[in-house]
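# When you get a sec, could you give me coordinates for this:
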Amino acid sequence: MPAAASAAAAAGLGDGDRAASRGSADDALASLIQPLAASDFLGEHWPAVPLTVHGPVARLPEPFTHLAARPITEFLASYRGRVVFGRGSVGPRAVLSCDVEPQALYAMGLTLYLPDVEALVPGATAFTRGLEAALGLPAGVARFTVWASPVADGAACHFDAEDVFSVQIAGRKRFSVSTTAAMPYPVGSQFGPGIPLPADFRHQLRGEPPRPDDCAFEDVTMEPGSVLYLPRGFWHRTAAETDSLSVTIAIAAPALLDVALTRLREVLLADPAWRRPAGGAVGDEARALAALLPTLTDAIARLDR
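Numbers count the residues shown, from 1 in each chain. Model (predicted):
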C-alpha cells in the first residue's frame, strides 16, 4: 500500500479523505517539478535521471517563500543549531560545530551547511512528510536543510549516497553535474576526491574507485526558484556566482537490499533453527550456517507473499 494511502487508512479516513490525503502528498512533489506531472517524474526520472526546472520562488510552497522573504545575513543571524562549514572552492574538508556564529563564518567567505533548520521554517516538516508520501517512502527518510555560500565559494566535487532536491532561494549558483552516474545507486556516504573511501564502497566497487576525470559534466545555472533533482551517485560541484542561499532536501531512501533483508529476517525469525545463538566450538558456527543455507530458497520464495 502506498505510504500516503497507508497513513490515511491508519487514521480511519474514508475514500474521499484518502483521495485528499494522496492529493496533498502529490502536491508537495508537484510543486517542485511543475509543469511536469508527478506521475511523469516517477516514471521518467525517479530514481535515476536528473531533472532541472525553473520558475519564480513565488510558485513554491510556504517553506521556500518564507526563506526567500529574508536577507541571507538576517536568516544566518537567527539560526541556532549545528553548523558544518568549509571552503569548497579549496577542497572537501569541512568542520562541524555547535557553538559558532554562522553569519561570522559566512562573512569570512566560508560555505555553510545548516542541518537543523526544519523546525525553524514554517511548513517545512509538513512539506517534507508530504514529499516522502508522494515518493512512496516511509516518513523520516528526508531532511530539510539549508546551504549558504558566499560569492566564489561552493561545494567541492563529490557524489552523494542520497537523492537530493536542491531549491535555489536567493542568489545565483552554478551546478556542474556529470552526465552519467559515477556509481549507480551507491549505499553508504558521500565520496569525492580527498575523501577517504567509505568502507561499504569496497563491496560495491568493481575495480578502482570512480574519478570525476572519467566523466563529462554539464553546467546548470540556478536562479531563485530553480529546482534540481539529483539522484544519488552523480558527480557534482557548485560555485556561487553571487551570494547564495538554497534548500537541500536530502532523501535517504532505503535500498531494495535493505527492504529485502528486513523482510527476510522477519521470515527467518519464525524458524527456531535460525534463532539459535551463534558461537560455540571452532567451526560450529560455519557448520550450522552450512546446514541452514538450503532453507533460504524457501524463505526467499515467501518474501513476495
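# Run through the strands of the chain in chain order.
Secondary structure of the chain (DSSP state E): strands located at 51-53, 83-86, 94-97, 111-114, 142-149, 154-158, 163-170, 173-178, 217-222, 227-230, 236-240, 244-251.
# Quick one: the ones you listed as a markdown table, columns for mean pLDDT too.
Shown next, in a markdown table, are the strands of the chain (pLDDT from 0 to 100):
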| stretch | mean pLDDT |
| --- | --- |
| strand 51-53 | 98 |
| strand 83-86 | 98 |
| strand 94-97 | 96 |
| strand 111-114 | 98 |
| strand 142-149 | 98 |
| strand 154-158 | 97 |
| strand 163-170 | 98 |
| strand 173-178 | 98 |
| strand 217-222 | 98 |
| strand 227-230 | 98 |
| strand 236-240 | 98 |
| strand 244-251 | 98 |
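# Identify whichever of the ones you listed lies nearest to residue 41.
With CB to CB as the measure, strand 51-53 is the member of those nearest residue 41 (6.9 Å). Where you see a C-beta, it was placed from the backbone N, CA and C, and this is true even at glycine.
# For that closest one, which helices and strands make contact with it?
helix 15-33, strand 227-230 (3 or more CB pairs under 8 Å, 6 or more residues apart in numbering; DSSP states H and E).
# burial of residue 209, as a residue count?
Residue 209 has 15 neighbours, counted by other CB atoms under 10 Å.
# so it makes contact with residue 191?
Yes - at 7.4 Å, residue 209 and residue 191 qualify as touching, with contact defined as CB atoms under 8 Å.
# which stretches of the stretch 1-150 of the chain form helices?
Per DSSP state H, counting those that start in this stretch, the stretch 1-150 of the chain carries helices over the ranges 3-10, 15-33, 38-44, 62-68, 72-78, 102-107, 124-134.
# Nearest to residue 199 among the ones you listed would be which one?
Closest among the helices of the stretch 1-150 of the chain, using CB to CB: helix 124-134, at 27.8 Å.
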